[in-house]
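# Any chance you can model this:
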Amino acid sequence: MSEFRTEEFRVNGEELISKIKELIHAGNIRRVSIKDKDGKTVMEFPVTLGVVGLVLAPTLAAVGAIAALVSEATIVVEKAA
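Numbering: from 1, shown residues only. Sure thing, here's the model as predicted:
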């Protein structure tokens, strides 16, 4: 049975997309959640092995829209242990 661990990163809205891209490129990520400053989840998406380029582009566009609306956010990353 697979185990997962989570990590949290606090970023401001301007850093949101670049941090998510950095985390995805680092690999080993299963799921990403974005929470606002009050801890409410505003977006959550799975990161499937092999998801790159055009498949990820619409998700990053949505993240960009969220980044424009929030001043600070928490990125919660679920990784395979």
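# For the strand or helix carrying Thr74, give me every contacting residue.
Using DSSP states H and E, Thr74 sits in strand 72-80. The set of residues external to strand 72-80 that reach it, using Cβ atoms under 8 Å, 6 or more residues apart in numbering, is 2-13, 16, 19-20, 23, 28-37, 39, 42, 66-67. Using the backbone N, CA and C atoms, a C-beta is placed for each residue, glycine as well.
# likewise stretch 56-66?
Defining contact as Cβ under 8 Å, 6+ apart, one finds that stretch 56-66 is touched by Gly13, Leu16, Ile17, Ile20, Lys21, Ile24, Ile34, Val42, Met43, Phe45, Ala73.
# Would you format the residues you listed as JSON lines with secondary structure included?
As requested, the contacts of stretch 56-66 are exported to JSON lines (DSSP: H, G, I helix; E, B strand; the rest coil):
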{"residue": "Gly13", "secondary structure": "helix"}
{"residue": "Leu16", "secondary structure": "helix"}
{"residue": "Ile17", "secondary structure": "helix"}
{"residue": "Ile20", "secondary structure": "helix"}
{"residue": "Lys21", "secondary structure": "helix"}
{"residue": "Ile24", "secondary structure": "helix"}
{"residue": "Ile34", "secondary structure": "strand"}
{"residue": "Val42", "secondary structure": "strand"}
{"residue": "Met43", "secondary structure": "strand"}
{"residue": "Phe45", "secondary structure": "strand"}
{"residue": "Ala73", "secondary structure": "strand"}
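# Using pLDDT, spot the least trustworthy of the residues you listed.
On pLDDT alone, Ile24 ranks lowest of these, at 82.
# Give me the neighbour count for that one.
Counted by other Cβ atoms under 10 Å, the residues lying close to Ile24 total 18.
# picking that back up, buried only: go through the contacts of stretch 56-66 for me.
For the contacts of stretch 56-66, a neighbour count by 16 or more other Cβ atoms under 10 Å gives the buried set as Leu16, Ile17, Ile20, Ile24, Ile34, Met43, Phe45, Ala73.
# Nice, that's everything, thank you.
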